[in-house]
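[1] Return a 3D structure for these sequence lines:
(2 chains)
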Amino acid sequence: GAVVSQHPSWVICKSGTSVKIECRSLDFQATTMFWYRQFPKQSLMLMATSNEGSKATYEQGVEKDKFLINHASLTLSTLTVTSAHPEDSSFYICSGVGRARSGANVLTFGAGSRLTVL
Amino acid sequence: SQQGEEDPQALSIQEGENATMNCSYKTSINNLQWYRQNSGRGLVHLILIRSNEREKHSGRLRVTLDTSKKSSSLLITASRAADTASYFCATDAGNQFYFGTGTSLTVIP
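    Predicted coordinates:
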């Protein structure tokens, strides 16, 4: 089945540094990739939708200059948290849109990346 | 916010019992999907129900959908300790997926 490989699974960084998270779709082409943020014991909050070859669409309240999303190919999307601060510590999850046998769109998730900013 | 709501927020049952969780949403949808998340991991797709379907089964899972009430329920029968996880509903409103608040299920062996 479709797999999304997300890397790194856990990163600890100092405040002020930038961190890049990669998501690769394996065995399928993800023309659309969603990026979510999840705080402990909470649901996923959609941050942005990225389409291959175009600019990402950010949800209201998400700083596009803070969370840079690049979707340069059909199999790779990246999220860069720029000048990270402790409040950016969270669990970030990507998902690619694939097709079920029924033809409906379903999400295939990466395993998530835990970001801890000291 | 288009985010849906789920209830209960937390559910604790004995192994072998059935677990029911509910999801309500706000907009018209193409389909509704249920996902499972183990602690600190990504989500896994469980089952999808289209807007023109009322009930669907997959193994020990049974999903219902009531579009007039904008609600869905997920029933897990004969629960097992391995079913312990968080469960989320997600609505597909045309290539936009919004997740419910989630139900944390604990199955006690």
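
[2] So what does the residue in chain B that chain A sits nearest to have for phi and psi?
    Among all residues of chain B, B:G42 sits closest to chain A, at 3.8 Å; criterion: C-beta to the nearest C-beta. Glycine gets a C-beta too; all of them are placed from N, C-alpha and C. Dihedral pair for B:G42: phi -70, psi 180, per degrees, to the nearest 10.

[3] Which strands border the helix or strand of chain B with the lowest mean pLDDT, and is each parallel or antiparallel?
    Per-element confidence for chain B was summarised using mean pLDDT, DSSP states H and E. The lowest value among helices and strands belongs to strand B:97-99, with a mean of 79. Each strand pairing with strand B:97-99, determined using DSSP bridges, is listed with its direction: strand B:85-92 (antiparallel).

[4] Please identify the buried residues of the partner strand?
    By 16 or more other C-beta atoms under 10 Å in any protein chain shown, the buried positions in strand B:85-92 come out as B:A85, B:S86, B:Y87, B:F88, B:C89, B:A90, B:T91, B:D92.

[5] ditto for stretch B:33-50
    Result for stretch B:33-50 [16+ other C-beta under 10 Å]: buried residues B:33-37, B:41-43, B:45-50.

[6] Send me it as CSV with only the CA atoms.
    These are the backbone C-alpha positions of stretch B:33-50, laid out as CSV (Å, rounded to 0.1, in the frame of the first residue of the first chain):
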residue,chain,number,x,y,z
GLN,B,33,-13.2,8.7,7.2
TRP,B,34,-12.1,7.3,10.5
TYR,B,35,-8.5,7.1,11.5
ARG,B,36,-6.6,5.6,14.4
GLN,B,37,-3.5,7.0,16.1
ASN,B,38,-1.3,5.2,18.6
SER,B,39,0.5,7.5,21.0
GLY,B,40,3.2,9.5,19.4
ARG,B,41,2.7,8.0,15.9
GLY,B,42,1.1,8.9,12.7
LEU,B,43,-2.5,8.2,11.8
VAL,B,44,-3.7,5.0,10.1
HIS,B,45,-6.8,5.0,7.9
LEU,B,46,-9.5,2.6,9.1
ILE,B,47,-12.6,3.0,7.1
LEU,B,48,-14.4,5.3,4.7
ILE,B,49,-18.1,5.9,4.3
ARG,B,50,-19.4,7.9,1.4
